[in-house]
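Student: Sequence and predicted structure are below.
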Amino acid sequence: MKGKSLKEERENGEEKVSLKGVRGAGALLAAAALFSGAPLFGQAPKSAPTPSGVAQPSNIDLTLTGATGARRPLAIPMTIAPISPDLQTRAVDPFYTTLSDDLAGSGVFVVADPALYPKAMRPPQNREEGDAWKATSAQFLLDTHLAPDGGNVVVEAMLWDLGMLKPILSKKYSGELRAVRRIAHTLASDLVRQFTGRPGPFLTKIAFSSDRERVAGKHVVKEIFTMDFDGDNQRRITYSNTLSLAPDWSPDGTKLVYQSYEKDTPGLWLIGKDGTDKRQIPVPTQLNASPSFSPDGKTVAFCGSVKGNTEIFTVQTDGSNLKRLTENAAIDSTPRWSPNGRELAFTSNRQGTPQIFMMDLEGANVRRVSLAGNWNDEAAFSPDGGRLAFACRNEGDFQICVMDLATGRTVQISSGTGANEGPTWSPDGSKIAWEVQRGDSTQIVVGNADGGGTARIVTSSGNNFSPSWIKTLE
């Protein structure tokens, strides 16, 4: 991370140095100074403290101003169900809210104002009723019904084209009562597939690091958690009682690689998505950070220190075939694989300020790809390899930028005060998650990759860092 990454924490009268996430160039510039005795330089400014009484990030929305593209106007009236207060509270409300939130934030639809919906007329039986729905600005109507079935629920959904006045999609789902949110995510994904040819990201997971288990007066603890893409079902998977940082998913979504101080010094660790099968990747380097899985899942790229200087390495997941890719007096950090597995993006200050570079797997053909701004860091490839998301700064706070690699065109997709860092793409390329720090609070945000719509903060407990979106859909 940037200027605030290096923290000195006192434990039992001794100084313990931790690197917050140990991902960005700022952390590694600081680390280099720590190991080499060199003076610190190029630190990014700290965010201004949040004044008393101002809402923390977990209670706010971020309105982004990017292009929105063509979105289908859709009406989503309340789900029809038998009259039962218990069923309404436990099933209908969570189902409808989840479905509406998914579709409104999908980037594929724009939801018509429910206050304008006509009463009844579901489904529309004639042109007059169809026109009443079109008067809300909707071109499509999603009609849903939910009914109990023993201990389960059954959901039926029909998507109507209001212009043709006929259904164009019909679906039926069943599952346990506790699974109504998953049914809503599944329906939303199927609707996105209907118009784009690919499912939406609504059934995917995000891994992240959190300090929520910290006990006042004790040393800082950060553990690895996973959650649904919208912040629900947050689950702790490491119990190391130390700093566990910077997770990255394997390409098949079965495990994670991360950095941990479990054996006092920073090391690379693997763990199953359910918290089982944890093991260390043995490497001889120091300050091992920013691990990144290769697209075939066999190799991990990371940055490690050699005599105080950080370089980029690759290693097999069993610790074999360690390979050094950079050998430069500059600080090289935060490697990320291209989806085709033939190149790595990384951050380096070899030309002055930290910028994004790319190289092949032999460490050759090194070239700078970020050309604007005085600090660019933490690059992440889009799933199709055509774009890079990264933390960018020209002046003021760090923001999230997206660059088209073919044209070099760069668009800022975040806005507002606070440091925005650590972007990660949804597996369909439609969304980006990142962390935002405002005052003393750091939370995870999910927004559309084109910058349109409203970005949602999906964490609130403790401080939450370094999101990593799973690479598989469904």
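Tutor: Structure's in. What do you need?

Student: what number of residues lie near Leu322?
Tutor: By the criterion of other C-beta atoms under 10 Å, Leu322 has 15 neighbours. Glycine gets a C-beta too; all of them are placed from N, C-alpha and C.

Student: for Tyr117, that is, sorry about that
Tutor: When neighbours are counted by other C-beta under 10 Å, Tyr117 registers 20.

Student: show me the contacts for the closest residue to it other than its chain neighbours.
Tutor: The shortest distance from Tyr117 to any non-neighbouring residue, by C-beta to C-beta, 6 or more residues apart in numbering, is to Pro77 (5.3 Å). Contacts for Pro77 (C-beta atoms under 8 Å, 6 or more residues apart in numbering) come out as 114, 117, 122, 141-143.

Student: Repeat the analysis, applying 10 Å as the threshold.
Tutor: 96, 112, 114, 117-122, 133, 136, 138, 141-144 (C-beta atoms under 10 Å, 6 or more residues apart in numbering).

Student: buried subset of the residues you listed?
Tutor: Listed as buried from the contacts of Pro77 are 96, 112, 117, 121-122, 133, 136, 138, 141-144; burial here means 16 or more other C-beta atoms under 10 Å.

Student: Save these as JSON lines, and put in pLDDT too.
Tutor: Shown next, in JSON lines, are these (pLDDT from 0 to 100):
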{"residue": "Tyr96", "pLDDT": "98"}
{"residue": "Ala112", "pLDDT": "96"}
{"residue": "Tyr117", "pLDDT": "96"}
{"residue": "Met121", "pLDDT": "88"}
{"residue": "Arg122", "pLDDT": "89"}
{"residue": "Trp133", "pLDDT": "96"}
{"residue": "Thr136", "pLDDT": "96"}
{"residue": "Ala138", "pLDDT": "97"}
{"residue": "Leu141", "pLDDT": "98"}
{"residue": "Leu142", "pLDDT": "98"}
{"residue": "Asp143", "pLDDT": "97"}
{"residue": "Thr144", "pLDDT": "98"}
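
Student: so of those, which ones are in strands?
Tutor: Here DSSP state E is the test, and the buried ones among the contacts of Pro77 give 141-144 as lying in strands.

Student: Distance to Ala391 for those - can I get that in a markdown table?
Tutor: Output for these, formatted as a markdown table (distance: C-beta to C-beta, whole Å):
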| residue | distance to Ala391 |
| --- | --- |
| Leu141 | 41 |
| Leu142 | 37 |
| Asp143 | 43 |
| Thr144 | 40 |
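
Student: Identify the farthest-apart pair in the residues you listed.
Tutor: Leu141 and Thr144 (10.3 Å; C-beta to C-beta).

Student: just to revisit the earlier point, which one of the ones in strands among the buried ones among the contacts of Pro77 is nearest to Asn448?
Tutor: Leu142 (20.3 Å).

Student: Just give the closest residue to the closest one, not the sequence neighbours.
Tutor: Looking at Leu142 with C-beta to C-beta, 6+ apart, the closest residue is Ile76, at 5.0 Å.

Student: Likewise for Thr410?
Tutor: Met403 (4.4 Å).

Student: Figure out how far the helix or strand where Ser468 lies is from the centre of its chain.
Tutor: Taking DSSP states H and E as the definition, Ser468 sits inside strand 464-469. From the chain centre to the centre of strand 464-469 is a distance of 6 Å (C-alpha atoms, centre = their mean, to the nearest Å).

Student: can you start the count at 54 instead of 1 from here on
Tutor: With 54 as the first residue, the last one maps to strand 517-522.

Student: quick one: strands adjacent to that strand?
Tutor: strand 258-263 (antiparallel) (DSSP bridges).

Student: what residues are up against Glu315?
Tutor: 291, 293-297, 322, 331, 333.

Student: now these in TSV, with distance to Gly416?
Tutor: Shown next, in TSV, are the contacts of Glu315 (distance: C-beta to C-beta, whole Å):
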residue	distance to Gly416
Thr291	32
Ser293	32
Asn294	37
Thr295	32
Leu296	29
Ser297	29
Trp322	25
Lys331	31
Gln333	25
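
Student: Among those residues, name the buried ones.
Tutor: 291, 293, 295-297, 322, 331.

Student: my guess is Ser423 meets Cys445, correct?
Tutor: Yes - between Ser423 and Cys445 there is a contact under C-beta atoms under 10 Å: 7.6 Å.

Student: where are the low-confidence patches of the protein?
Tutor: 54-122 (pLDDT under 70).
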